[in-house]
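[1] Coordinates for the following, if possible.
(chains A, B and C)
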Amino acid sequence: MNLRKRVAVQITPTAPFNFDATAYKPSHFPSSDNSWTKGTYWFTLNFQNRIYGIRLENRGEIETPRVLLTIYCDRPIEGDKIAEIIREVKWRFDMEADISGFYDTLRSDRLLEPILHRWKGMRVSCQYSLYELIIITIVLQNATVRRSVQMTEALLRRYGTSVRFDQKELNAFWRPDSLTGTSEDDLRELKVGYRAKSIKRISDAFARLCIDESKLRPLPTTEAKSELMKLYGIGPASVGILLFEALHRYDAFDHISPWEQKIYSHLLFNSDLVSPSQILEEVDRRWGSWKMLAAHYIFEDLFWRNKNRKVQWLEGLIKL
DNA sequence: CATCAGGGCCCTG
DNA sequence: CAGGGCCCTGAT
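    Numbering: from 1, shown residues only, chains lettered A, B, ... in the order given. I've put the predicted structure just below:
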């Protein structure tokens, strides 16, 4: 699919805004629906039954942010569509957030202080819709990163749409109702294993509008959480990711997986292994309602440093 | 070659 | 509430 029509709009996020740290997350596994180089981020957007290519370009500075948004489509883009896409993109990259309280409150935390400085203006962000992020959390379950990548790409190749725009070739996610005629066995052929059941049942739930992202966004966290947990295959680990990344709940931190436990044990206690409950108590005490955003800063900083030059103690804790 | 765990979750007893 | 089973893969 060739997306030849385009419209460009300028966006002004709230300051401080760190473009690259917001668009590109080194802790996330790579996938063919997005691409990043310093100052530019491309991704596909399956939105309101239409497929778009999006390019974001940094046209400002951290304290005077400006982003040029270019929308690509295979047909002319109407004005009301443009407005809705702008609103959606602003939301997904948390561009209108005010996190000054985060910096003010946690400035004096010894572990965070240098990190807040290095990554000032980084926001939680997720280029995906809620449904798409759910698929990501499903393929993360009980799998190494390499296998998660394999499953994602297999699904995108089979059910997604390949689009070309701005000399990029990326895959767009399918819509939930695209899997209506698909069986679990069809999905299993893509080597997703027992996750086929979750993918099928969750896609059906979204297709039947049993769950609606726009209704979930304004809900109190506890309610949003219980709605999401009703989905087959979504448990405590996945819901944490969803609440933070898709719904921007900065305090969504009440579950720790074994690999994260090792990292927090090292960072917070300088120890090999501290119990999850002790870690949860400590992050709540130190970072309060900002605890997941704080953890996000720490993880992205860690992964970024590890990408450039291997962090010794991290070796062996994360399997790729 | 076999065995096992890996960025969980569901179900059972 | 603890623990077994689940798909598949690469590591050992």
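[2] Which helix or strand contains A:Tyr131?
    Per DSSP states H and E: A:Tyr131 is located in helix A:130-140.
[3] which outside residues touch that helix?
    A:46, A:126, A:128, A:148, A:151-152, A:155, A:173, A:176, A:192, A:195, A:198-199, A:202-203, A:206, A:211, A:213, A:216, A:231, A:233-234, A:237-238, A:241-242, A:245-247 (Cβ atoms under 8 Å, 6 or more residues apart in numbering). No exception for glycine: its C-beta is placed from N, CA and C like everyone else's.
[4] tell me, which of the residues you listed make contact with DNA strand B?
    Restricting the contacts of helix A:130-140 to those near DNA strand B by Cβ under 7 Å from any atom of the strand leaves A:Leu231, A:Gly233, A:Ile234, A:Ala237, A:Ser238, A:Ile241.
[5] how many neighbours does A:Gly121 have?
    Using other Cβ atoms under 10 Å, the number of residues around A:Gly121 comes to 21.
[6] Check the ones next to DNA strand B among the contacts of helix A:130-140 against A:Val89 and report the nearest one.
    A:Ile241 (20.5 Å; Cβ to Cβ).
[7] tell me the SS of the closest one?
    Judged by DSSP: H, G, I helix; E, B strand; the rest coil, the three-state class of A:Ile241 is helix.
[8] confidence score at A:Val311?
    Note on A:Val311: pLDDT of 86.
[9] Any chance of the backbone angles for it?
    phi -80, psi 120 (degrees, to the nearest 10).
[10] can you check A:Ser31 too?
    With angles defined as degrees, to the nearest 10, A:Ser31 sits at phi -150, psi 160.
[11] Likewise for the one 10 residues further on?
    Summarising the backbone geometry of A:Tyr41 under the convention degrees, to the nearest 10, its torsions are phi -130, psi 130.
[12] That one: what's it in contact with?
    With Cβ under 8 Å, 6+ apart as the criterion, the residues that contact A:Tyr41 are A:Ala23, A:Tyr24, A:Asn34, A:Ser35, A:Arg55, A:Leu56.
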